[in-house]
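> Here's a sequence, model it:
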Amino acid sequence: MASEEKIKALMEKLESGIKAVFESEQYKAYLKAMSKFHNYSFGNVMLILLQCPNASLVAGFHKWKKDFGRTVKKGEHGIQILAPCPHKRFVEQEVEKPDGTKEKESVLIVQQGFKVAYVFDVSQTAGRELPTLGVDKLTGDVQHYDEFYKAIESIAPVPIEFRPTTEHSEGCYNHKEQKIYINEDLSQIQTVSVMIHETAHAILHALPVENGKIVGKPEKDRRTREVEAESVAYIVCQHFGIETGDSSFAYVTSWSKNKELPELKASLECISKTASKMIEDIERNCPCLDIAKDTEVKKECVSR
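Numbers count the residues shown, from 1 in each chain. This is a model prediction of the structure:
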């Protein structure tokens, strides 16, 4: 199959996958995949999930052998992803000279293209044992909770305050006051999850305030905002081994029912970029939370 046909087929697989993934159980699986491969684009995470639902660590054929002492098992088929492939070419453009005259010149431009690349999951390889990755499963308490709290607080764009328990919600982002409020009687897991959820709202959905009054209206409807914030919180918590449950995804199917593909793509890309940035910022602000700090395996395996 020619390269252009492979790319076209992969793009068609991606688009059909985006529509299908919003069925509740598939969406949960997609977010879990994104928590493992947060350095990948949302599209490549989707392609990995569609072809190898149980993938946990992926790398190219030669990287497994050269860097990790493992070889791809005979008969294994690679997972197709789209790799950036910039190419240069000269084009004729009209250029204005210092004296005001114009003439055509040959100008070198760089255009972004893509090529099909192949990666393999660790389950498709054999060889040298890899260091154990990730953190222990957590129950009601969060390991390094104080550090986690401080790390989230440091990346939130607004102050975070505790409030007396309210029946209306476990927390909120107050647009007018430009503050995040968290109920004071939550468990450590709930506190961390709600802090990330509301921080995502503050980053993605904050409305401007002038003279103590909210100006403007939200660009996205309430259900879209909630899906985005909850998805970001789920990915970040999953990445750090914090199990938060998935009951909140029950409405994902109905939310996406009448959405067009470009809108679904936009939300997935927004979720992917926001979660990835939050994970990186949390790990940078609190090195003890960086689950890859003692090994380069994870960083190497998930490089684009």
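> Point out where the stretch 151-300 of the chain drops to low pLDDT.
167, 246-248, 250-251, 289-300 (pLDDT under 70).
> at 90 what do you get?
165-170, 185-187, 190, 209-213, 215-217, 222-223, 238-265, 283-300 (pLDDT under 90).
> how about the strands of it, start to end?
160-163, 171-174, 179-183, 209-210, 213-214 (DSSP state E, counting those that start in this stretch).
> Quick one: closest of those to residue 128.
strand 160-163 (43.9 Å; CB to CB). The C-beta positions use only the backbone N, C-alpha and C, and glycine is treated the same way.
> Mean neighbour count added to the strands of the stretch 151-300 of the chain, as CSV?
Listed next are the strands of the stretch 151-300 of the chain as CSV, based on neighbours: other CB atoms under 10 Å:
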stretch, mean neighbour count
strand 160-163, 14
strand 171-174, 20
strand 179-183, 21
strand 209-210, 11
strand 213-214, 10
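> Reformat those strands as JSON lines; add distance to residue 105.
Below are those laid out as JSON lines (distance: least, CB to CB, whole Å):
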{"stretch": "strand 160-163", "distance to residue 105": "55"}
{"stretch": "strand 171-174", "distance to residue 105": "52"}
{"stretch": "strand 179-183", "distance to residue 105": "54"}
{"stretch": "strand 209-210", "distance to residue 105": "48"}
{"stretch": "strand 213-214", "distance to residue 105": "51"}
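> Out of the ones you listed, which gets nearest to residue 249?
So among these, strand 171-174 is nearest, using CB to CB, at 18.6 Å.
> middle-most residue in the chain, spatially?
Residue closest to the average C-alpha location in the chain (CA atoms, centre = their mean): residue 272, at 2.6 Å.
> Quickly note the distance from residue 238 to residue 273.
17 Å (CB to CB, to the nearest Å).
> more neighbours, those two?
residue 238 (21 against 15; other CB atoms under 10 Å).
> For residue 150, which non-adjacent residue is closest in space?
Using CB to CB, 6 or more residues apart in numbering and skipping residues adjacent in sequence, the residue nearest residue 150 is residue 286, 6.8 Å away.
> list the contacts for that neighbour?
Residue 286 is in contact with 144, 147, 148, 150, 151, counting by CB atoms under 8 Å, 6 or more residues apart in numbering.
> can you pull the contacts of the last one?
With contact set as CB under 8 Å, 6+ apart, residue 151 has these partners: 281, 282, 285, 286, 289.
> Nearest to residue 214, out of those: which one, please.
residue 281 (26.8 Å).
> ok, and the closest non-adjacent residue to the closest one?
residue 155 (4.4 Å).
> so residue 196 touches residue 235, yeah?
No - using CB atoms under 8 Å as the test, residue 196 is too far from residue 235 to be in contact (9.1 Å).
> hmm, who's touching the host helix or strand of residue 105?
In this structure, residue 105 sits in strand 102-111 according to DSSP states H and E. Residues from elsewhere that reach strand 102-111 (CB under 8 Å, 6+ apart): 86, 87, 88, 89, 90, 91, 92, 93, 94, 95, 96, 97.
> what about the very next helix or strand once past that strand, distance to the chain center?
Later in the chain than strand 102-111, the nearest helix or strand by DSSP H and E is strand 114-121. Relative to its parent chain, strand 114-121 has a centroid offset of 19 Å by CA atoms, centre = their mean, to the nearest Å.
> and strand 114-121, which residues are buried?
For strand 114-121, the neighbour count (16 or more other CB atoms under 10 Å) marks 114, 116, 117, 119, 120, 121 as buried.
> Let me have those residues in a markdown table, extended by distance to residue 8.
Listed next are these as a markdown table, based on distance: CB to CB, whole Å:
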| residue | distance to residue 8 |
| --- | --- |
| 114 | 11 |
| 116 | 10 |
| 117 | 16 |
| 119 | 20 |
| 120 | 23 |
| 121 | 25 |
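> Can you tell me which of those residues comes closest to residue 261?
Nearest member of the buried residues of strand 114-121 to residue 261, counting by CB to CB, is residue 114, at 18.6 Å.
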